[in-house]
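Asker: Structure, please.
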Amino acid sequence: MQAILNVAFPIFGVILAGYLAGRWRILGGEATGALNAFVSYFALPVLFFGTLARTPVAAVLDPSLMAGFGIAVVATFVVGMATTRLVSRGGLAAMSLQGIASSWGNVGYMGVPLCLAAFGEAGLPPAMLTVIVTAVVSMVFGVMLIELEVAAGHGPVKTFLRAAFNVARNPLPMSIALGIVVSAIGLPIPTPAEKWLDLLGAAAGPCALFAIGLFLSDKSIRSGLAEAGLSTLIKLLLQPLLAILVLPFFVDLNSVAGKVALLMAALPTAANAFVLAKQFDISVEQNTAAVLLSTGFSVVTVSALLVWLRIS
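Answerer: Residues are numbered from 1 along each chain as shown. Below is the predicted model of the structure:
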């Protein structure tokens, strides 16, 4: 109970505040886009870069953690694809989007603030590693599979390069890569720049959570509940269960890195699943419903996991 009050309640409380602000139209119709842009292009990239630039590379690029978490993400991606094939006989693009909804947790907007609240600065390096793994699986592999159907005839190499380019130009992976490079070469950061990084990065957590609430307030569930329900079960139950079974072979579950990976595996579907569905105009209703359902039920599942991990 103490974990729910100390960690989960503040996290979901900020999301609720954003949701209510959106429902009551306090911030205006353009607020969601503006706040998302601020978080995506400024606050989170600055937080990621500032943390990684001052963290030894070996503390971030942990091959064991990467492998253990990656197996759980890939497995749920494949299971998600299979459910669409069985339920609706969807094509490769629809299957890939279901795989993304089933495996792509909200590791950036929700996961990073959650790990900060639960573990402090020690939770950031392993949290960012899960962001890297998720981006590779869902953004490169997932988008490539979608493009193979949507852009049929362009060839697999060109399709892969296009998907890889979409990831490379994303501010979050870019800031992670740049931070690792700065740390690796030991480039010193001047004190005024450090203070600027800390000040702007501190806005990432609350603004990201508030933005989730704003996003949810604009959406409603009309259809696609069957596939959305399946992806929610896979994301909130199967992925953390797989993480519990697989991670001990790679990392100690009682360590900060192990607990961070397990928490990240238990997060709801990222809003990016809806964004990609909207971009390709495929499975929009299903992915919208998946984001809403998984986020709603994660209030219970993530809180229960925090209690089980004895995080206070």
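
Asker: switch to C-alpha atoms for all contacts and neighbour counts from now on
Answerer: Noted.

Asker: give the contact list for residue 101.
Answerer: With C-alpha atoms under 8 Å, 6 or more residues apart in numbering as the criterion, the residues that contact residue 101 are 80, 231-232, 235, 269-270, 273, 287, 290-291.

Asker: Past the helix or strand harbouring it, which element shows up next along the chain?
Answerer: Counting by DSSP states H and E, the element that carries residue 101 is helix 92-103. Under the assignment DSSP H and E, the closest C-terminal helix or strand after helix 92-103 is helix 112-119.

Asker: And for residue 24, the neighbour number?
Answerer: Using other C-alpha atoms under 10 Å, residue 24 has 11 neighbouring residues.

Asker: Begin at 660 from now on, thanks
Answerer: That works, and once the first residue is 660, the last one we named lands at residue 683.

Asker: Looking at the backbone only, give me phi and psi for it.
Answerer: Backbone dihedrals for residue 683, given as degrees, to the nearest 10, come out at phi -90, psi 0.

Asker: picking up where we left off before, among the contacts of residue 760, which are in helices?
Answerer: Per DSSP state H, helices hold the following members of these: 739, 890-891, 932, 946, 949-950.

Asker: With respect to residue 856, which of those is nearest?
Answerer: The shortest separation between residue 856 and any of the ones in helices among the contacts of residue 760 is 29.1 Å, and it belongs to residue 932 (by C-alpha to C-alpha).

Asker: my read: that closest one touches residue 759, true?
Answerer: Yes - counting by C-alpha atoms under 8 Å, residue 932 does reach residue 759; the two are 6.2 Å apart.

Asker: Mind picking the one among the contacts of residue 760 that's closest to residue 921?
Answerer: Minimum separation from residue 921 among the contacts of residue 760 (C-alpha to C-alpha) is found for residue 894, which lies at 12.1 Å.

Asker: got the contact list for that closest one?
Answerer: Listed by C-alpha under 8 Å, 6+ apart, the contact partners of residue 894 are 735, 760-764, 924-928, 953.

Asker: I'd like the residues you listed as CSV, with distance to residue 808 appended.
Answerer: Listed next are the contacts of residue 894 as CSV, based on distance: C-alpha to C-alpha, whole Å:
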residue, distance to residue 808
735, 21
760, 18
761, 20
762, 20
763, 20
764, 24
924, 28
925, 30
926, 29
927, 27
928, 23
953, 27
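
Asker: ok, so of those residues, who is nearest residue 773?
Answerer: The closest of the contacts of residue 894 to residue 773 turns out to be residue 926 (C-alpha to C-alpha; 9.8 Å).

Asker: just to revisit the earlier point, ok, the ones in helices among the contacts of residue 760 vs residue 914, which is closest?
Answerer: Among the ones in helices among the contacts of residue 760, and counting by C-alpha to C-alpha, the member closest to residue 914 is residue 891, at 27.3 Å.
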